[in-house]
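> below is the sequence, then the predicted model.
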Amino acid sequence: MLSDRLLTRLAVSVAAIGFAATASADPITIVDQADRTVTLQKPADRIASIPIPMASTIIAMDGGTSKLVGMNPTAKSAIVEGVLGRIFSEAKNIPSDITAPNFIPNIEELAATHPDLVIQWADYGADLVDPISNAGLNVALISYGTEEKTRYYHNMVATALGKPERAALINGWRDTVANEMAAKARDIPADKKPKVLYLGRALENLTASGNKGNYNAWYIDLVGGVNASSDVQGNGTTISPEQIAEWNPDVILLNSFEAKLGIDRIYNDPILSLTKAAKERKVYKMPLGGYRWDPPSQESPLTWMWLANLLHPDVFTYDLRGEMKKAYQTLYNYDLSDADIDGILWMDMQGAETAYAQFKAK
């Protein structure tokens, strides 16, 4: 649930956009996730996004790419490599040189996009924000990594676009799915909850995260699992194969950020191949849809359904392919084909893994 503080801030933003709808000449006011008030004279027609996840969020909230005028190069690679690149082929032409890899804005290139609004991180310091403001550009800041924060910046972006109903629709979907999952997971006995290890990196090194502020741990718990790396201090901590062997997870989830990472990484490792997850063929790479399914995004309920069906197919029986088709119609006005879904779910690579046959096209 949203905190009282965030609800108050959200009410200010929604009230402002509601007033603007009745008097189009009036400005739109939003409160960003650094408690800064941002004023737009009208709904934004041109938004540049420096944070990685926001590019696909803007597309979903607007229903297209026409208002996204600049994005992070990593966000662009996810779009071009994934299904959004097929849905919106024009996205490959959107500039991605507005920022360096460390989110330092390239002010000259950023200004060249003539943005009505620039989205930047709230938590990385003034050095990433002040150059944008000093250039005379409007900037709103987002914070990332929890369900609460995600729902809030969905409202921020939709408000800035003059489409608050889009955030209400998408966040309402999240509420419905999360609530029904929590109700079902409540009855799963503790000894029936599998230990799930999410590896944020797995090629050159292995990383895992604890429970605090970790979105993966949050939805593992939501669907009736236990975070195998809960005793890790911090997020993205480097771990050893021996540590994973000690945890002996029932399920291993591989990140979708490393393009060359496949499930063979586990099966070919002399130590990791001895884990219960490997022996029982329960190693899965996170899907790559309109955005990567590991972190929070507009598609997160699909992540929850996917994992719920894998962990507890006797409790959760979502028609994932059908749910994906409905979601993509809502988010992107696109009819997913079976081939699209197979690609998103990596059916060629992991279709033979335990419980994965349920996701095959009927």
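Perfect, I can see it now.

> can you report how many residues lie near residue 252?
For residue 252, the count of nearby residues is 26 (other C-beta atoms under 10 Å). From N, CA and C alone the C-beta is placed, and that goes for glycine too.

> and the strand or helix carrying it, which strands flank it?
Taking DSSP states H and E as the definition, residue 252 sits inside strand 251-254. According to DSSP bridges, strand 251-254 has the following sheet partners: strand 195-199 (parallel), strand 283-285 (parallel).

> need the next SSE after that strand, C-terminal direction.
Moving toward the C-terminus from strand 251-254, the next helix or strand (DSSP H and E) is helix 264-267.

> that following helix packs against which elements?
On a contact count with 3 or more C-beta pairs under 8 Å, 6 or more residues apart in numbering; DSSP states H and E, helix 264-267 meets strand 251-254, helix 276-279.

> residue 349 is nearest to which of those?
Counting by C-beta to C-beta, residue 349 lies closest to strand 251-254 out of the helices and strands packed on helix 264-267; the figure is 10.3 Å.

> may I have the closest one exported as CSV, CA atoms only?
Output of strand 251-254 as CSV, limited to C-alpha atoms (Å, rounded to 0.1, in the frame of the first residue of the first chain):
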residue,chain,number,x,y,z
VAL,A,251,15.1,-22.4,-8.1
ILE,A,252,17.6,-20.2,-9.9
LEU,A,253,16.5,-17.1,-11.8
LEU,A,254,19.0,-15.6,-14.2
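
> let me see the backbone angles for the residue nearest to residue 47 when sequence neighbours are not counted.
Among residues not flanking residue 47 along the chain, residue 117 sits closest, at 5.0 Å (C-beta to C-beta, 6 or more residues apart in numbering). Residue 117 has phi and psi values of phi -150, psi 140 when expressed as degrees, to the nearest 10.

> wait, isn't residue 117 in contact with residue 44?
Yes - contact criterion C-beta atoms under 8 Å: residue 117 and residue 44 qualify, at 4.5 Å.

> output the lowest mean pLDDT helix or strand found in the chain.
Counting by mean pLDDT, DSSP states H and E, the weakest-scoring helix or strand in the chain turns out to be helix 4-22, with a mean of 42.

> what about the residue nearest to residue 47, neighbour count?
For residue 117, the neighbour count with other C-beta under 10 Å is 26.

> same check on residue 267?
12.

> can you check residue 182 too?
Per other C-beta under 10 Å, the neighbour tally for residue 182 reads 13.

> avg pLDDT for the strand or helix carrying it?
Assigned by DSSP H and E, residue 182 belongs to helix 164-185. Across helix 164-185, the average pLDDT comes to 97.

> pull the residues that contact it.
For helix 164-185, the surrounding residues in contact (C-beta atoms under 8 Å, 6 or more residues apart in numbering) are 14, 17-18, 60-63, 147, 151, 154-155, 157-159, 222-224, 298, 300-301, 304-305, 308, 312, 315-316, 327, 330-331.

> quick one: it to chain centroid distance?
15 Å (C-alpha atoms, centre = their mean, to the nearest Å).

> with just CA atoms, put that helix into CSV.
Provided in CSV are the C-alpha atoms of helix 164-185 (Å, rounded to 0.1, in the frame of the first residue of the first chain):
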residue,chain,number,x,y,z
PRO,A,164,-3.6,10.4,-15.6
GLU,A,165,-6.2,7.7,-16.5
ARG,A,166,-3.4,5.6,-18.0
ALA,A,167,-1.6,5.3,-14.7
ALA,A,168,-4.9,4.6,-12.9
LEU,A,169,-5.6,1.8,-15.3
ILE,A,170,-2.1,0.2,-15.2
ASN,A,171,-1.7,0.6,-11.4
GLY,A,172,-5.2,-0.7,-10.9
TRP,A,173,-4.1,-3.9,-12.7
ARG,A,174,-1.1,-4.2,-10.4
ASP,A,175,-3.4,-3.9,-7.4
THR,A,176,-5.8,-6.5,-8.6
VAL,A,177,-3.0,-9.1,-9.4
ALA,A,178,-1.0,-8.4,-6.3
ASN,A,179,-4.0,-8.7,-4.0
GLU,A,180,-5.2,-12.0,-5.5
MET,A,181,-1.7,-13.4,-5.3
ALA,A,182,-1.2,-12.4,-1.7
ALA,A,183,-4.5,-14.0,-0.8
LYS,A,184,-3.5,-17.3,-2.4
ALA,A,185,0.1,-17.3,-1.1
